[in-house]
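# pasting the sequence and the predicted coordinates here, then a few questions.
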Amino acid sequence: MTLGLLQQELGYSAVYLYVGIFMLLIVGFVATVLVLARLIAPSRSSKTKAQTYETGESTVTDPWRPFPVRYYVFALTFLIFDVEALFLFPWAVIYSDLGVYGFVQMLIFVTILSLGLVYEWKKGALKWV
Amino acid sequence: MPVTGAAIIGLLPEIIASVFMFVVLLGGVFAGERNSGIVGGLAVLGTLATFASAAVLLAIGFEGTFFGESYAVDNFALFFKLIVSGTAFFTVIAATRFAGSTGDAPEYMTLILAVVLGAMLLASMRDLFGLFLALELATIPSYALVAFDRSRRESAEGGMKYLVTGVIASSVLLYGLVLIYGVAGSANLTQVAEAFSGELTPVGLVGIGLMVSGFAFKLSAAPFHFWTPDAYQGAPTSAAAFLSVAPKAATFAVLLRILVEGLPGATATWTSIIAVIAILTMFVGNLSALRQRNVRRMLAFSSVAHSGYILVAFAAIQGGGQETGVQAILIYSAAYAVMNLGAFFAIDLVGEDAKSFNGLFKTQPALALCMGAFMAALVGIPPFSGFFGKAWVILAGAQSGSVLVYAAVGALVINSVISLPYYFGIVRNMFLEEPVSGGTAPKDDGGVRFSVYALAILTTIFILFFGLLVTLTGASGLL
């Protein structure tokens, strides 16, 4: 029985059958490859293999210790300007159709966002210590 | 859709709240050190102005739907906006001292105002995605509020638990809303109502189930209540008090709006789901509260139980109980707001261990009487506020004509009896026990004291507003 016939028989829900078959194929393929690799590949571990390599650095002290998260300032600033850009681009594309009304709306929006920047500035978050 | 003048008037409470949100934040930052007085004053002014604008809109009978029928300003929404901004008023008064002590007063007040803004938008939303946004606007600041007290580890723990579980609940809720949108082909409640007028499709049923589960989580209804005790115990008292009342009331409002306006065709389905949840919630809340020695935890479980009581009214919205059911939800929300807020604030003045209430009547008689009033109201003894809520719920249940709802009302009565020992345990400690000597009493705080006294008075003279409430809720504009 072909899939087309099956679809006629089961109606619309047969579409999900394709998804189901694909899922089976994906899971089956991955499982087979993993099992085959485990069976065939030789496993000879050595000290050299476990070492840090390329861009990694060997640790000098215990890496599990608290350190200041300076980069959250970037995240905060990014959040402000990212949202701004997200809305400014589509707005700019149809700016001429929107007229004064659209301009005022965007002005309010940008003002609210820049208040966030003012707050950040005043809080001293832009000062790199 | 251009914004009309009427829309701006209708959105006045929200506009005022958001303007003050920025004013408080920036004013506080520009005032520099020792800014808690200015920040507190601005926040009080903001909540008062919000309350006043909502009250004026209600008084002149302003009604209308805006933005393509996706935002409704009616008596029903305005009523909940009054509850939200009113509770926020008492909260910012009570929180000023605490906020100043953390050194981040502007942030704390801004977060409270953000919750106010989200909750008020929530009460008016008639659009599935708009209401999700508003719900998140009310929820995300509340995670931060819970974790705000950096001097206590439990605060961070509560905030983390609340965040992780809350995010899962939000996604469940969103999934439910999306499925409903998928069935209806529109996010607007009017079109949703048309699509759900016929027989319920399986997808629609799954959507309603997921949506109700998501809301049950936000309302801390069993079996989705596990975050409640940890979050409320960890949170600063003012935040716990506020979060147990204002966003919850608004969530009840929006759930009611979705169910009554959007899914009237599926009434039989959602009333039975909610009736089962309500019965479970009442028993879980009260039986867990019985075992608590920490008053904050006890009140957290009591708030779970009260969510259950209000949900009984939701289940009663069928048959002859429709109008009374909606009224019961409105009245109960108002009654619950005054009594629960006050009971939480009193912890700040006395202490969170049940023993710290010992002999309070001898040391601070006025405070003991206030706490006694809150406890009696939470049990539901006339003439205190809680009685009217419960009476209306029972009345609605009796009119509904459904066996399941009768069972829920029976469970409500049984649970009121179960709840007696823990509420009156506090009362007994206050009036009959001897004061514990040597304990460290919390610092006296004038703002908290004012809020507790004012709320105790409101709880006691609730009957005077009752006539007004019934007329208001009778014409709630929802049915």
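Now that the structure is in, tell me what you want to look at. Numbering: from 1, shown residues only, chains lettered A, B, ... in the order given.
# mean confidence for stretch B:176-183?
In this model, stretch B:176-183 carries a mean pLDDT of 94.
# how about the CA coordinates for that stretch, as CSV?
The C-alpha coordinates for stretch B:176-183 follow below in CSV (Å, rounded to 0.1, in the frame of the first residue of the first chain):
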residue,chain,number,x,y,z
GLY,B,176,-3.1,26.6,25.4
LEU,B,177,-3.8,30.1,24.0
VAL,B,178,-2.1,29.2,20.7
LEU,B,179,-4.2,26.1,20.3
ILE,B,180,-7.4,28.1,21.0
TYR,B,181,-6.2,30.6,18.4
GLY,B,182,-5.5,27.8,16.0
VAL,B,183,-9.1,26.5,16.4
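# check which residues of that stretch are buried.
Using 16 or more other C-beta atoms under 10 Å in any protein chain shown as the test for burial, stretch B:176-183 gives B:176-181, B:183. For every residue, glycine as well, the C-beta is placed using N, CA and C.
# closest one to residue B:253 out of those residues, please.
Each of the buried residues of stretch B:176-183 was checked against residue B:253 using C-beta to C-beta; the closest is residue B:177, at 16.4 Å.
# any idea how far that closest one lies from chain A?
23 Å (C-beta to the nearest C-beta, to the nearest Å).
# confirm that that residue sits in a helix.
Yes: under DSSP: H, G, I helix; E, B strand; the rest coil, residue B:177 sits within a helix.
# ok, for it, nearest residue in space, not its chain neighbours?
Distances taken as C-beta to C-beta, 6 or more residues apart in numbering or on different chains place residue B:128 nearest to residue B:177, at 4.6 Å, with adjacent residues excluded.
# again, but for residue B:374
Distance criterion C-beta to C-beta, 6+ apart; nearest residue to residue B:374, sequence neighbours excluded, is residue B:343 at 4.0 Å.
# show me what contacts whatever residue of the stretch 351-479 of chain B ends up closest to chain A?
Closest residue of the stretch 351-479 of chain B to chain A, C-beta to the nearest C-beta: residue B:447 (25.2 Å). Residue B:447 makes contacts with B:40, B:93-97, as judged by C-beta atoms under 8 Å, 6 or more residues apart in numbering or on different chains.
# most neighbours, which of those residues?
Neighbour counts for those, by other C-beta atoms under 10 Å in any protein chain shown, peak at residue B:95, which reaches 33 neighbours.
# check which helix or strand covers that residue.
Secondary structure from DSSP states H and E places residue B:95 in helix B:75-102.
# and the residue of the stretch 351-479 of chain B closest to chain A, that one's in a helix?
Yes: applying three-state DSSP, one finds residue B:447 inside a helix.
# what separates it from residue A:64, distance-wise?
Plainly put, residue B:447 is 43 Å away from residue A:64 if you go by C-beta to C-beta, to the nearest Å.
# what about the closest residue to residue B:436 other than its chain neighbours, how many neighbours?
Closest residue in space to residue B:436, ignoring its immediate chain neighbours: residue B:358 at 5.0 Å, by C-beta to C-beta, 6+ apart. Residue B:358 has 22 neighbouring residues, counting by other C-beta under 10 Å.
# any idea how many residues pack against the residue nearest to residue B:311 when sequence neighbours are not counted?
Once flanking residues are discounted, residue B:311 sits nearest to residue B:278: 3.7 Å by C-beta to C-beta, 6+ apart. Residue B:278 has 31 neighbouring residues, counting by other C-beta under 10 Å.
# residue B:278 touches residue B:304, doesn't it?
No: if you go by C-beta atoms under 8 Å, residue B:278 and residue B:304 don't touch, sitting 11.4 Å apart.
# common neighbours of these two, please.
By C-beta under 8 Å, 6+ apart, the residues touching both residue B:278 and residue B:304 are residue B:221.
# contacts only, for the one residue in chain A that gets nearest to chain B.
In chain A, the residue that lies nearest chain B is residue A:122 (4.4 Å; C-beta to the nearest C-beta). For residue A:122, the contacting residues are B:26, B:29-30, by C-beta under 8 Å, 6+ apart.
# try residue B:123
B:76-77, B:80-81, B:84, B:250, B:253-254.
# quick one: it from residue B:250, how far?
Using C-beta to C-beta, residue B:123 is found at 5 Å from residue B:250.
# where does the prediction get shaky in chain A?
Within chain A, the ranges that satisfy pLDDT under 70 run A:1-14, A:129.
# of all the residues in it, which ones are close to chain B?
Contact residues (C-beta under 8 Å from any C-beta of the partner chain) of chain A with chain B: A:101, A:112, A:115, A:118-119, A:122-123.
# re earlier: need phi/psi at the residue nearest to residue B:436.
For residue B:358, the backbone dihedrals (degrees, to the nearest 10) come out as phi -60, psi 130.
# surely it meets residue B:431?
No: Residue B:358 is beyond contact range of residue B:431, at 9.9 Å (criterion: C-beta under 8 Å).
# give me the neighbour count for the residue of the stretch 1-150 of chain B found nearest chain A.
The nearest approach of the stretch 1-150 of chain B to chain A comes at residue B:29, 4.4 Å away (C-beta to the nearest C-beta). Here the number of neighbours of residue B:29 (other C-beta under 10 Å) works out to 19.
# contact partners of the helix or strand that contains it?
Assigned by DSSP H and E, residue B:29 falls within helix B:12-31. Contact partners of helix B:12-31, identified using C-beta under 8 Å, 6+ apart, comprise A:112, A:115, A:118-119, A:122-123, B:8, B:35, B:38-39, B:42-43, B:45-47, B:49-50, B:53-54, B:57, B:81, B:85, B:105-107, B:109-110, B:113-114, B:116-117, B:120-121.
# neighbours of residue B:51, just the number please.
Neighbour count for residue B:51, taken as other C-beta under 10 Å: 23.
# for it, list the residues it contacts.
B:82, B:85-86, B:89.
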